[in-house]
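1. pasting a predicted model and its sequence here:
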Amino acid sequence: MKLRLDADACEGHGRCYMLAPEIFDEDERGHCRLRREQVPPDLETQARIGVDSCPEGALALDPD
């Protein structure tokens, strides 16, 4: 699976990187930054949790 981030839509709530720190990180303003774009199978659940937690819908998962 591949992650997409719409950085312009991110408001910096931090839910993604608090719930799935293996996948998401924060930048200097507290906005989301992807640790990886390609999600290995063992981290797909964590990626989905982070994506689903974003109130702005700034994150998405695409199948390979």
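-> Okay, I see it.
2. which other helices and strands does the biggest helix by length in the chain contact?
-> Ranked by residue count and defined by DSSP state H, the top helix of the chain is helix 44-53. Here helix 44-53 touches helix 15-19, strand 59-62, going by 3 or more CB pairs under 8 Å, 6 or more residues apart in numbering; DSSP states H and E. C-beta coordinates here come from the backbone N, C-alpha and C atoms, glycine included.
3. looking at the ones you listed, which is closest to Gln46?
-> Nearest to Gln46, of all the helices and strands packed on helix 44-53, is helix 15-19, at 7.8 Å by CB to CB.
4. what residues sit buried inside the closest one?
-> Judged by neighbour count using 16 or more other CB atoms under 10 Å, the buried positions of helix 15-19 are 15-17.
5. in the longest helix of the chain, what's buried?
-> Across helix 44-53, burial judged by 16+ other CB under 10 Å covers 46-48, 50-51, 53.
6. can I get these in JSON lines including distance to Ala60 and pLDDT?
-> Converted to JSON lines, the buried residues of helix 44-53 look like this (distance: CB to CB, whole Å; pLDDT from 0 to 100):
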{"residue": "Gln46", "distance to Ala60": "15", "pLDDT": "96"}
{"residue": "Ala47", "distance to Ala60": "10", "pLDDT": "96"}
{"residue": "Arg48", "distance to Ala60": "11", "pLDDT": "96"}
{"residue": "Gly50", "distance to Ala60": "11", "pLDDT": "96"}
{"residue": "Val51", "distance to Ala60": "6", "pLDDT": "97"}
{"residue": "Ser53", "distance to Ala60": "13", "pLDDT": "97"}
